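Novice: pasting a predicted model and its sequence here:
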Amino acid sequence: MDLADLTRDLEALRDEALASMAAAVDVPALEALELDVLGKKGRLTTILRGIGALPADDRPRVGAIANAVRGAIDSALAARGIDLRGSALTDRLAAERLDVTTPGRPIRRGSLHPSIESMERIAEIFGQFGFVVHESPEIEDDLTNFQLLNIPPDHPARDLWDTLYVDVEGRLLRTHTSPGQIRVMQTVKPPIRALLPGRCFRYEAIDASHASEFFQVEGLMVDEGTTLGDLKGLLDQFAKAMYGADKKTRFRPGYYPFTEPSVAFDVECLVCGGSGCAACGRTGWMTILGAGMVHPVVLRNGGLDPERYQGFAFGMGPERIKMLKHGITDLRLFLENDLRFLEQFR
Amino acid sequence: MRVPLSWLREIVDVDLSPEALAERLTLLGMEVKGIIRWGEDWRNVVVGELLSVERHPGADRLSLTRVNVGDGEPLDIVCGATNIAAGQLVPVALPGAVLPGDRRIERTEKMGVVSNGMLCSGDELGLTADADGILILAADTPIGRPLVELYGDTVLDVDVKPNRSDALSIVGLAREVAAVTGATLRLTPTDVVEAGRPTSERLRVEVEAPDLCPRFVGRWVSGVKIGPSPDRIQMRLLAAGQRPISNVVDASNYVMVELGKPIHTFDAAAVHDGRIIVRRARPGERFETLDHVVRELDAETLVIADPDGPIGIAGVMGGATSEIGEGTTDVVVESAIFDPTSIRRTAFRYALRSEASLRFEKGQEFRLARLGADRTAHLITEWAGGEVAPGAVDTNPDEPAPGHVAFRPARINRLLGTDLSADAQRTLLARVGVDTAPAAPGTRVRIAAGSDPVEIDARETEVVDATVPTWRRDLEVEADIAEEVIRVHGYDLVPPTTPHTPEPAYRHDPLEVRALVRETLAGAGLSEAVTSALVAPRLVERFPALDEGELAGEPEQRAAGRSIVVTNPLSSQHSVLRQGLIGSLLEVVGTNLRHGRDDIAIFEVGKGYGAPGDPPTHEWWRLGLVLTGAAQPAAWDRPPRAYDLDDAKGVLELLCRRLGFAAPIYEPITDDANLHPGRAARVVAGGSLVGRLGELHPEAIAALDLRAERIYVAEVALAGLAGGSPSEHRVTAPSRIPSVERDLAIIVPLDTPASEIEATIRRHGGPLLRDVALFDIYRGQPLADGDKSLAYRMTLRDDERTLTDPELDAVVATVVEGLTVELGARFRT
């Protein structure tokens, strides 16, 4: 074999390899071809074994030609490889196409009960005004639930709280969170800013707006210079936080034996915006809480000097707050625990 | 209190629209709950004259009437009432009329005869409570006139607060109106024309219990003719919520509404010897009240009696024998003051609370006794004729002087946050009839009244003396004056301020752990329930208090004491305080199952209650949860997965991680009748969580009528639930040396608890063993019937260096040895 034969064989190999590459249909075929041409036992190697038979002068020339052939095949392989691999990925992606419009896999999330959520929200808002949470028992004595709150036995105002009594001497189910006022005053010295959330009980026939069990949040603020004006300012802030900064509020006289002066606090009807509708009894207002300046007798019963200290108390129903907020019209839903209702509070 | 405006206007001028008046009264503290258009409901209802009443040809019980309604042809109307006769005037609802309750009247056919409308009963019009017969109108009623023009009125429904007994009257509310508008009151006449034998010769009153009856005024009216009151009076009473009865009885009710003074009238013929004795009842004394119920009286009851026995329960109800009837000619008018507490107790005892007793129990102005007697006598003679015997019997004519309340204008400003001068405050008070003058030097200021009054020496500051009108029994202390001042000034004029006083010291939020628990469980897919604390007795019997032992540092969270029973329950379904949460939660499950909801995961954070004796009552916090149905719903690519016991454990373990507690340990229990004996465990996580969980016993599922295959329940006490903080835990830096895992498949008898295997592995694993996790449980071939295989993955690591194979093998060998020796375990390879 001479130089010309070798050169011819190399060029033939190049031409054939290039042609085969162009014809390769996929990456494995290309890889097989590569192995066949460039592998350790491949055809290029086989051809180059003939170099040894050439005269020493010719060898560098053949080496140069062989390198050129190898280079041509390599770059063609790479180019063809990119082509083939690219189309394989394209094919795979095409084959893996999903209907992305199907809904996601549901992840179950439970819900939080609106009564408790409402209490927590109230506590959060008043927390910003420095109020801290206290708790007091649900089974109370007559003294703390009534008498110390300036409601003596046989007082006509007792009609405001129809009471459930229990078979334990002198005990009843607290009708409101107000006895907590007494318990806080007896244990904490002013300045007092206390919030008392909790369950209350009444002897009350159950209907859309009455329940025999419900929650209440009581507030108590006592110091030397706490005024009715402070109460008004604070409640106004609360209503805006709860219902929106644009909501109008109304402060008017109310009655509780344990406050003097007493206050009823209204927010403009959330249904009609104040123009008057069935939901607000055509008054344009919805009452959200009762309040007042703590009666001197109550301050004294709490162990405070009523001449030195003064303050206010307020009480509200978290369910009612929530009802007004969400347009719920039946209080019974709160204790029925129908998941179709509860799961709307996720 | 229902206030017909026509009545109010008789006493005070009102230029305001009903809406404006309602708002002004509300802002003054007399909340108007509603404005009733009395008669607004009677659309297309006119006065008709019955021309003829004949029997319906096709029905015995119906009548065929011909009615003249003014213009046009007379109408044929079928009627089912029996109290009608030709010549009467009646309300006629014409076709197209709409009656109260949105009842529409159309031309109809009744048993073959066309009826062109309907004759109305008082009940159908909402005018009276009488549904039995057609309302027969007075003979002089103009035929054809719309009913609303004759009897329509505007009625304010005023919510009078319990402290304002004076305002439970037209006059009292007129005073409030006058305070708003500055108008002058026109009090109604109380003069009587006296004739005949003086009262003193006819009537003697002996008060044997002056503590319960401080004043009794009696008047005598003779020669009355009992009959209906004038129409306008009847309608006015109806608008005010009072049922007309007869002219004499109506007079007493009229005075009650007008003046707020309950009055009783007796048939004088039934008052033996003309002697009235006001005394406590004799124990066991029997007496028939007006409602024809014979009642046995007790010694606490104050009665109005004659020498033969009681003729009335004072302030509460009259007697049947002395009732005013058609034959009554002479009337004794009783206008008395009774002890409010006594009346309240008596009314409750006999379940006879009425408009009258309500007013008595709130206290009566002393002066009203005489005024009410005279006004009643005046009205009786006006409506029923007769003459008033000269003079009155009055057991205590000395009317007390008005009360005084001293106040400091500066203190009132300090309370209200206002800056009203003393003169301004005095002017405001004058508008509600409170006269003021500078107080005498040394006047003490009463800031708390009652059995233990507090009075302040106020020499340093200006003190004003207020004279309280006799009708205002609610003004006793300085704070009462403050409310009067700001009430008349207007609550809307109180300047809103931001509190500037110091804030209290930090206090831990007792809701923190509860909030964490709730949020964690909601995140894990459980919905929060809030159930009634009052449950049915059978629920407490089935789910009694479970004392699971003590939480570290919270001994008061143990369940303790017998269950507490409500003595006046609303229903037997809510008559006992629950001792745990599971029963209530299962009721919720039942409700939702009935709604077709099969997959339920709920929890509640709530209290149990008991009566240990010492202390008398006890309350403890628990977390309860119930799981049933699918944990994961079916989807297009997988079947549903049902909840099982491990889900319940998983929830508790999640909670323990979230709250920084130790991992819980389970211990089988078989003694809980509500739980599957092979699927129940006591659970303890250090001193931080104690309780139990399990699958509900099939018998319990059946007994509670729960339509579910399997239900998993847990109830636990948790540290901090009652108000504590979550536990703090240490955080360690991750090791830079990789861990090595070695698996062990352990064959043990079926009844060997996994907890014991894990504990054994840990005990023998030495310091290099960092974690043990169960990853497979297998039963069946090729294992023997009584065996199971549990596969554990052990994580091994030294934080300083990489472990060598011989070291790892040594640890595994020690563990294998321990398991073999202690549990008789064998190993799969």
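Specialist: Structure received.
Novice: quick check: residue A:216 vs chain B, distance?
Specialist: 14 Å (Cβ to the nearest Cβ, to the nearest Å). Quick note: C-beta positions are derived from backbone N, CA and C, even for glycine.
Novice: which non-adjacent residue is nearest that residue?
Specialist: Nearest residue to residue A:216, sequence neighbours excluded (Cβ to Cβ, 6 or more residues apart in numbering or on different chains): residue A:177, at 4.4 Å.
Novice: how about the residues of the stretch 101-250 of chain B by chain A?
Specialist: B:161, B:162, B:163, B:164, B:165 (Cβ under 8 Å from any Cβ of the partner chain).
Novice: could you point out which element follows the strand or helix carrying residue A:61?
Specialist: Assigned by DSSP states H and E, residue A:61 belongs to helix A:59-95. Following helix A:59-95 in sequence order, the next helix or strand is helix A:114-127 (DSSP H and E).
Novice: picking that back up, part of a helix, is the residue nearest to residue A:216?
Specialist: No. Secondary structure of residue A:177 (DSSP: H, G, I helix; E, B strand; the rest coil): coil, not part of a helix.
Novice: check contacts around it.
Specialist: A:136, A:196, A:197, A:198, A:200, A:216, A:217, A:218, A:315 (Cβ atoms under 8 Å, 6 or more residues apart in numbering or on different chains).
Novice: how about CSV for these, with neighbour count added?
Specialist: Listed next are the contacts of residue A:177 as CSV, based on neighbours: other Cβ atoms under 10 Å in any protein chain shown:
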residue, neighbour count
A:136, 19
A:196, 25
A:197, 25
A:198, 20
A:200, 23
A:216, 23
A:217, 24
A:218, 23
A:315, 23
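Novice: ok, so of those residues, who is nearest chain B?
Specialist: The nearest member of those to chain B, counting by Cβ to the nearest Cβ, is residue A:197 at 7.6 Å.
Novice: all the helices of the stretch 551-700 of chain B, in order from the start?
Specialist: Ranges of helices in the stretch 551-700 of chain B, per DSSP state H, counting those that start in this stretch, are B:582-594, B:645-659, B:698-703.
Novice: would you mind giving these as TSV with mean neighbour count and distance to residue B:638 added?
Specialist: What follows is the helices of the stretch 551-700 of chain B, written out as TSV (neighbours: other Cβ atoms under 10 Å in any protein chain shown; distance: least, Cβ to Cβ, whole Å):
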stretch	mean neighbour count	distance to residue B:638
helix B:582-594	22	24
helix B:645-659	18	17
helix B:698-703	14	27
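Novice: what would the ones you listed look like in JSON lines with mean pLDDT and distance to residue A:206?
Specialist: JSON lines is the format used below for the helices of the stretch 551-700 of chain B (pLDDT from 0 to 100; distance: least, Cβ to Cβ, whole Å):
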{"stretch": "helix B:582-594", "mean pLDDT": "96", "distance to residue A:206": "15"}
{"stretch": "helix B:645-659", "mean pLDDT": "96", "distance to residue A:206": "32"}
{"stretch": "helix B:698-703", "mean pLDDT": "96", "distance to residue A:206": "26"}
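Novice: format these as JSON lines; extra columns: distance to residue B:353.
Specialist: As requested, the helices of the stretch 551-700 of chain B are exported to JSON lines (distance: least, Cβ to Cβ, whole Å):
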{"stretch": "helix B:582-594", "distance to residue B:353": "35"}
{"stretch": "helix B:645-659", "distance to residue B:353": "51"}
{"stretch": "helix B:698-703", "distance to residue B:353": "43"}
